[in-house]
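>>> how would this look folded up:
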Amino acid sequence: MTTPASAPADTPVGTPTAESVLAVASMAAEAIADLEVTVLVHAADWVALHPGEQVDTSIEFGMRDLQIAGDGAPTIDEAAVAEFALAVGRSTDAGRILLGDAVELQHRLPRLWKRVVAGEVAVWKARKVAQATTSLPMDAAAAVDARLAWCAHRCSFAEIDRQVAKARAEHDPEAAEAARVEALENRHFDINLRQVSSDGLVHVDADLDLADALALEEAIAAKAKTLDPQLPLDVRRSMAAGLLGTSDGASDGGQSRAVVVYAHLRAEQATVDVDNTRSTVTVEHLRDWCTRAGTKVTIRPVVDLGEELATDCYRPTDAMSEQVRLRDRQCCFPDCTRPARDGDADHIVEWPTGKTRSSNLSALCRTHHRLKTHTPWTYTRIPGVGHVWTSPQGRVYVSSVVTEPPTEPPARHTA
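Next up is the predicted model:
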């Protein structure tokens, strides 16, 4: 790499020049690249400090050892993943991937690892190779290492994929054939509820078998013809897709439309927070959902997020679990964004010492619920601050989730 010349000595402080901007940016980029190598090397060191044993998939709720790279690479004690992830500013899932990439490179791609440590191959490019070889047997990974290590700094993603496919075919032909057959089956139907627009619209993406696509087109076209002809055709088709499988309220034994919407209505705002998708819609939009033909509307009791509910049992009541989900909205472990609705209501102070009451419950995803239950991780909730976690190494982290009850309890509508 060419070393840039220094900025002129008489350049006034605070007055950037083209030369000085490029010089500083270049030095910063080199420093960042060096630091990325340092993090990767320490990721491998962390795995070495917390070795796992043979993976036991029969363990359901407890901590278990994880295979984070390909065959022959070391495993890691699952309890150690979150500590390193938070230390480098990543979620637990992202941290596990980083640790796995480091181990894959160090133990199964040693030639490439040597070049990365020497600063000759960018960390992001090496990690791309590592993630592609994780599913290969040991000898196939070695073949990819031999073919790509010398040119990894300039090879394309397509070339990486080609070399991985070639090694798989040469060293594991049965897996190669299985991958070929699997590649033929790419049908999917995705409704992106986690990416809702400000207008309440959701993107739908699909690849269907031709026969299924023709049947779906026929059903949508037929349903669209029964809707208000004053509406644009595309709008009627989108509405028809949402009405598939319903009877539009008819009493002929068909199913009525059932869409559950958890809506938070607060006096100080003119919009509605939708808990299901963590999005915002207008009051008029919510009213439109509730008044469409074939929609059954049930108004349930208001859930007061500030109320202190309690039970003598270990397991929270349904009302308490729902209160925790609506209050916390997502997992309360730092940097975790999994929805609370998919997780558990955890006792902050373990039961029976800590009672089953609202103030002693927080939403945790299953991964971090297991982490808190089976390792020395501890946490508490501090009003106005959030959830303060202490790791086994004594490091303190504050989650970004602050769960303060609103001044006006939200209403919940089920449409």
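>>> phi, psi for Gly386 please.
Dihedral pair for Gly386: phi 130, psi -150, per degrees, to the nearest 10.
>>> where do the strands sit along the stretch 301-415 of the chain?
Taking DSSP state E, counting those that start in this stretch as the criterion, the stretch 301-415 of the chain carries its strands at 310-311, 344-347, 356-357, 361-364, 378-382, 386-390, 396-398, 413-414.
>>> export those strands to TSV and tack on mean neighbour count, distance to Pro16 and mean pLDDT?
Where C-beta positions appear, they are placed from N, C-alpha and C, glycine not excepted. As requested, those are exported to TSV (neighbours: other CB atoms under 10 Å; distance: least, CB to CB, whole Å; pLDDT from 0 to 100):
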stretch	mean neighbour count	distance to Pro16	mean pLDDT
strand 310-311	14	62	92
strand 344-347	22	51	93
strand 356-357	17	58	93
strand 361-364	27	47	94
strand 378-382	16	43	91
strand 386-390	19	39	92
strand 396-398	14	36	91
strand 413-414	17	55	39
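>>> chain center to the helix or strand containing Phe84, what's the gap?
Counting by DSSP states H and E, the element that carries Phe84 is helix 81-87. With CA atoms, centre = their mean, to the nearest Å as the basis, helix 81-87 stands 16 Å off its chain's centre.
>>> list the contacts of that helix.
Contact with helix 81-87 is made by 43, 46, 66, 91-92, 94-96, 98-99, 333-335, 368, 371, 377, 391-393, 395, 397, as judged by CB atoms under 8 Å, 6 or more residues apart in numbering.
>>> likewise stretch 134-148?
Contacts of stretch 134-148 (CB under 8 Å, 6+ apart): 69-72, 100, 104, 108-112, 129, 132-133, 155, 159-160, 163-164, 167-168, 170-172, 175.
>>> buried ones in that stretch, by neighbour count?
Of all the residues in stretch 134-148, those buried under the rule 16 or more other CB atoms under 10 Å are Thr134, Leu136, Pro137, Ala140, Ala141, Ala142, Ala143, Val144, Asp145, Arg147, Leu148.
>>> just give me the neighbour total for Lys225.
Residues near Lys225, counting by other CB atoms under 10 Å, number 11.
>>> and if you look at Leu208?
14.
>>> same check on Thr17?
Neighbourhood size, Thr17 [other CB under 10 Å]: 12.
>>> kindly report the same for Pro334.
Using other CB under 10 Å, Pro334 is surrounded by 23 other residues.
>>> same check on the one 4 residues further on?
For Arg338, the number of neighbouring residues by other CB under 10 Å comes to 19.
>>> ok, then the element right after the helix holding Phe84?
As assigned by DSSP H and E, the chain's next helix or strand after helix 81-87 is helix 92-108.
>>> give me the residues contacting the next helix or strand after that following helix.
Reading on from helix 92-108 to the C-terminus, the next helix or strand found by DSSP H and E is helix 110-117. If you take CB under 8 Å, 6+ apart as the criterion, helix 110-117 is touched by 37, 40-41, 105-106, 121, 123, 126, 129-130, 145-146, 148-150, 152-153.
>>> packing partners for the helix or strand following helix 110-117?
Downstream of helix 110-117, the first helix or strand assigned by DSSP H and E is helix 123-133. Contacting helix 123-133 under the criterion 3 or more CB pairs under 8 Å, 6 or more residues apart in numbering; DSSP states H and E are the following elements: helix 18-49, helix 92-108, helix 110-117, helix 138-148, helix 157-171.
>>> what's helix 123-133 in contact with?
The contact list for helix 123-133, computed with CB under 8 Å, 6+ apart, reads 33, 36-37, 39-40, 69-70, 97-98, 100-101, 104-105, 108-109, 112-113, 115-116, 140-141, 144-145, 148, 152-153, 157, 160-161, 164, 167.
>>> report the buried residues of it.
Within helix 123-133, the residues scored as buried using 16+ other CB under 10 Å are Val123, Lys125, Ala126, Arg127, Lys128, Val129, Ala130, Gln131, Ala132, Thr133.
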